[in-house]
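Peer 1: The sequence and its predicted three-dimensional model are supplied below.
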Amino acid sequence: MEFITLSNGIQMPILGYGVFQIPPQEAERCVADALSVGYRLIDTAQAYFNEEGVGDAIAESGIPREEIFLVTKVWISNNGEKKAAASIDESLRKLKTDYIDLLLIHQAYGDVFGTWRAMEKAYRDGKVRAIGVSNFQAGRFFDLAHYVDVKPMVNQLQCNVMVQQRGIEPILAEFYTKMMAWGPLGGQGVDGIVKNEKLAAIGSKYGKSAAQVALRWLTQRGIVAIPKSSHKERMEQNLNVLDFTLTADEMAAIAGLNEHDSGLVNFGDPQFVKYLIENYG
Ligand SMILES: NC(=O)c1ccc[n+]([C@@H]2O[C@H](COP(=O)([O-])OP(=O)(O)OC[C@H]3O[C@@H](n4cnc5c(N)ncnc54)[C@H](OP(=O)(O)O)[C@@H]3O)[C@@H](O)[C@H]2O)c1
């Protein structure tokens, strides 16, 4: 495994396993499979309703806790200092652990400064080893990062060969914040990437699939990728991407696939914000 170093010196695996949309009853089996094939970073969230299954799989795995990098996220309904603090304790209970490796604010709405204060306290109390945000586009990210004491160590964003997030890179660099890619294979729009002919052609040279090239391209940029699959053979395939190196020309050719630099979801669209808050806030 390759690691990146966060601004506080913590080492984080560059590849992990994401559990969005894995139903609670399947989470334990999926995470057990992921750990058995070699993943040591697991990305969950309060809003995925599967923290308990993730915690069960880790507890049952027999793998020492310190070898696993566990990520979860505070959902918008728990934003604000008091609610966020209570939700962190609830996540710890569900995950059956006394610390979280990386805790993120899931969405940039509501009292995120209050949430951040609760996260800073949890960080200082040793309940979390690193703190960060998710889905904070450049302006919102800068606003939070500028005013808070402990700067966000990670921003988890939609990022893949078609959504390359070049625009936010200098802003993240200003605060030594690392990018973590959700939807690294395109998520719902997965076919565009895993069946992409250019990626497949590049992969054929290395005996790799288009999906593997897409993941290698992210990790070569120093971006942490957390592909999700319910299938063990795909979990293995997605992890097996660090034994080849794309050339500079191949990296440049893939850079040309960028279609929606800052993502397909416009987090600043009032209709989207209204929908999210009214349905999930
Ligand atoms: N912070 C956020 O707001 C946010 C939002 C979305 C996701 N995330 C995180 O990011 C993780 C990954 O994102 P994602 O789940 O949206 O999308 P993704 O990992 O880009 O894609 C997952 C899809 O790709 C398929 N797949 C996986 N490996 C494949 C392969 N080698 N070949 C062909 N198809 C493959 C999966 O199908 P099968 O399962 O059937 O194999 C699934 O349909 C999530 O699980 C979650 O942890 C975070």
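Peer 2: Received it, and whenever you're ready, just let me know what you need.
Peer 1: Check whether stretch 241-260 comes near the ligand.
Peer 2: No. Stretch 241-260 lies out of reach of the ligand by C-beta under 6 Å from any ligand atom, never closer than 9.8 Å. Quick note: C-beta positions are derived from backbone N, CA and C, even for glycine.
Peer 1: For that stretch, buried residues please.
Peer 2: Judged by neighbour count (16 or more other C-beta atoms under 10 Å), stretch 241-260 contains these buried residues: 241, 246, 250, 253, 254, 257.
Peer 1: Residue 198 is in contact with the fourth one, correct?
Peer 2: Meaning residue 253. Yes. Here residue 253 reaches residue 198: they are 6.7 Å apart, a contact under C-beta atoms under 8 Å.
Peer 1: Can you confirm whether the lowest-mean-pLDDT helix or strand in the chain lies near the ligand?
Peer 2: Using mean pLDDT, DSSP states H and E, helix 191-194 stands out as the lowest-scoring helix or strand of the chain, at a mean of 84. Yes. Remark: helix 191-194 sits within contact range of the ligand at residue 194, by C-beta under 6 Å from any ligand atom.
Peer 1: Stretch 262-275 too?
Peer 2: No. Using C-beta under 6 Å from any ligand atom, stretch 262-275 never reaches the ligand; the gap is at least 8.7 Å.
Peer 1: okay, how far is it across that stretch, tip to tip?
Peer 2: 20 Å (C-alpha to C-alpha, to the nearest Å).
Peer 1: List the buried residues in it.
Peer 2: 262, 263, 267, 273.
Peer 1: Can you tell me how far the residue nearest to residue 230 when sequence neighbours are not counted is from the ligand?
Peer 2: Counting by C-beta to C-beta, 6 or more residues apart in numbering, residue 30 is the residue found nearest to residue 230 once chain neighbours are left out, at 5.8 Å. Noted for residue 30: a distance of 9 Å to the ligand, by C-beta to the nearest ligand atom, to the nearest Å.
Peer 1: residues contacting residue 30?
Peer 2: 19, 22, 53, 57, 230 (C-beta atoms under 8 Å, 6 or more residues apart in numbering).
Peer 1: nearest to the ligand, of those residues?
Peer 2: residue 230 (3.9 Å; C-beta to the nearest ligand atom).
Peer 1: In this structure that closest one contacts residue 22, no?
Peer 2: Yes. Between residue 230 and residue 22 there is a contact at 6.5 Å, judged by C-beta under 8 Å.
Peer 1: The closest residue to residue 77 other than its chain neighbours: neighbour count?
Peer 2: Closest residue to residue 77 apart from its sequence neighbours, by C-beta to C-beta, 6+ apart: residue 281 at 5.7 Å. By other C-beta atoms under 10 Å, the residues close to residue 281 number 15.
Peer 1: quick one: pLDDT of residue 281?
Peer 2: Looking at residue 281, its pLDDT stands at 83.
Peer 1: I'd like the next helix or strand past the strand or helix carrying residue 202.
Peer 2: The secondary structure element spanning residue 202 is helix 197-204 (assigned by DSSP states H and E). With elements assigned by DSSP H and E, the helix or strand that comes after helix 197-204 is helix 210-220.
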